[in-house]
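Colleague: here's a sequence, model it:
(one chain, ligands or ions: 1)
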Amino acid sequence: MSIKLYDYQEEGIRDIYNKWKYDRKIILWCNMGGGKSEMAAYIAQDASSDGMPIVMVVRGRELVKNLSRRLDKYKIDHSVFMAGHHRLDKSKLIQIASVDTMKSRGQFPFSDRDCIVILDEAHKDYSLIFEKYKSQFILGLTATPFSDMSSYDDYVCPIRPIELVEKGILVPEEIYCPHVIDTSSLKIVAGDFHREQLAKLVTQGEIVGNVVEDYIKYGQNRPSVCFAVNIEHSKQLRDEFIRRGINAIHCDASSSDEERKFAEDSLLNKSIKVICNVDIFSVGWDCPMVSCIIMARPTWSLVWYLQAIGRGLRSFRDKTNCIVLDNAGNVYRHGTPYREREISLKKPEKKIKRDKDELLIRTCIDCFRIYESSELCCPFCGAHPAPREIKNVNGMLAKYYETEEEKSERTIKEAQIAFYKLRWVASSKGLSNGWIKEQILKRYGDKVMPYIEQLLRIKSR
Ligand SMILES: [Zn+2]
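Modeller: Residues are numbered from 1 along each chain as shown. This next block holds a predicted model:
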């Protein structure tokens, strides 16, 4: 089978070659479903046919196997650069390798000459590769270029995520935020919630129960993937699903190929409804029939958030959308998945860029779905929001070491998140603004109150 490319992919490849005339390190930013692997395979085949050596680098043996299968599908001759592998042949122009193998063996094919290095999941740390291939051409593939991308000179984005929805390759999302986990007590370490504290919080019986309850209420019994904080949490969720009469299984990165295949088949033949897991996408797992994503893990990582939701966005048969049950409140931190995002090739600043990254979303007070606040009323049920044009200012970039100043900024953000949640509680129970203020004061102290007052003022305008 030869590689058939869409127009936008051909254009993207032309762009890449063009940029390589001036710069060496280029990102291919393309959403899942956009076919960046095909584009990479095409470039490998095309450039090697002109005698240019290619190194395709992935993370982990699992992904080496996947990549080798894909190249075989297109009849692209290659070597698997792995000790003792029957397809290891150093004379071949295309070498595929795991970065761990290269590191442990201290061998970097073609690093002494001109070559093209193609990096899979380029948002991850490849500093070693950049060190070894200083003057060579590098193409970094990623759907989520939102971590430190400062090693690259430029990028190509052949198609925006929302255009893939218009083409029918991806489906739109439908987000619900009924029970949101209150993370205000958690510390931030290295840019995300303190792991142990988070694990302790989310494994409380009530919170586990809420996740399952929301699935029963809003999940429409759909084939689902539920993202947990850790293995114990995932198993707890599985047990709770089963206790409530919903068949579920647990999977994690250590599950074998067979176990993952079994999970997938069971979803397809409807013998289970939910796969509870921890970071299952990290092993390249993909299952388009999934039409509901349950997020039980709060995170400040935009990359993680987009990858988790992404598991449900591929189109499949008569699937028209993907329900996202955001118990984690992540949409308040990162916005809706198809929101236009910018890429930055600078080193990320430690400082929070609140003004630049405003989120304009709203939770419907009636149906608890999330929608853009530019809409005058809820596009799903027609309910009018109580306030008009409230700006949610919780957008935040990843943080590294939290200073006192950052800590107070975060407290303000968390209080603002809590405000939106309390507001719907208040409106559904007929409680006053005074009640909201009292709750915020109790949890966050008086320093945040001016910001809450501000939100209340915008509301009454
Ligand atoms: Zn609504």
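
Colleague: drop to CA atoms for contacts and neighbour counts, all remaining ones
Modeller: Noted.

Colleague: can you list the low-confidence ranges for the stretch 151-300 of the chain?
Modeller: 283 (pLDDT under 70).

Colleague: in it, which residue sits nearest the ion?
Modeller: Tyr176 (9.6 Å; CA to the ion).

Colleague: for the closest residue to that residue other than its chain neighbours, which residues are in contact?
Modeller: Distances taken as CA to CA, 6 or more residues apart in numbering put Arg369 closest to Tyr176, at 4.2 Å, once the chain neighbours are dropped. Neighbouring residues of Arg369 by CA atoms under 8 Å, 6 or more residues apart in numbering: 174-177, 363, 380.

Colleague: quick check: the farthest pair among those?
Modeller: Pairwise distances across the contacts of Arg369 peak at 14.0 Å for Cys177 and Phe380 (criterion: CA to CA).

Colleague: the more surrounded of the two?
Modeller: Between Cys177 and Phe380, counted using other CA atoms under 10 Å, Cys177 has the larger neighbour count: 23 against 13.

Colleague: wait, isn't the more buried one in contact with Ile323?
Modeller: No - between Cys177 and Ile323 there is no contact under CA atoms under 8 Å: 10.9 Å.

Colleague: farthest residue from the center of the chain?
Modeller: Relative to the centre of the chain, and counting by CA atoms, centre = their mean, the farthest-placed residue is Ser91 at 37.9 Å.

Colleague: got phi/psi on that one?
Modeller: For Ser91, the backbone dihedrals (degrees, to the nearest 10) come out as phi -80, psi -10.

Colleague: show the pLDDT at it.
Modeller: Looking at Ser91, its pLDDT is 96.

Colleague: likewise Phe419?
Modeller: On the pLDDT scale, Phe419 gets 83.

Colleague: and Thr403, by the same measure?
Modeller: 58.

Colleague: next secondary structure after the lengthiest helix in the chain?
Modeller: Ranked by residue count, the top helix of the chain under DSSP state H comes out as helix 404-429. Counting by DSSP states H and E, the next helix or strand C-terminal to helix 404-429 is helix 433-444.

Colleague: so what does the longest helix of the chain touch, helix or strand wise?
Modeller: helix 433-444, helix 449-460 (3 or more CA pairs under 8 Å, 6 or more residues apart in numbering; DSSP states H and E).

Colleague: quick one, which of those helices gets closest to Cys30.
Modeller: helix 449-460 (36.6 Å).

Colleague: please identify the buried residues of the closest one?
Modeller: Neighbour-count burial for helix 449-460 flags 449, 452, 455-456 (criterion: 16 or more other CA atoms under 10 Å).

Colleague: give the contact list for the nearest residue to Pro379 once chain neighbours are set aside.
Modeller: In space, and not counting its chain neighbours, Pro379 is closest to Tyr371: 7.5 Å by CA to CA, 6+ apart. With contact taken as CA under 8 Å, 6+ apart, Tyr371 is in contact with 175, 361-364, 378-379.

Colleague: ok, now how distant is Tyr371 from the ion?
Modeller: 9 Å (CA to the ion, to the nearest Å).

Colleague: which SS state does that residue fall under?
Modeller: Judged by DSSP: H, G, I helix; E, B strand; the rest coil, the three-state class of Tyr371 is strand.

Colleague: let me know the pLDDT of it.
Modeller: On the pLDDT scale, Tyr371 gets 81.

Colleague: which residues pair with it across the strands?
Modeller: Beta bridges link Tyr371 to Arg362, judged by DSSP bridges.

Colleague: next one: it from Leu128, what distance?
Modeller: Distance, Tyr371 to Leu128, using CA to CA, to the nearest Å: 42 Å.

Colleague: fine by me, we can end here.
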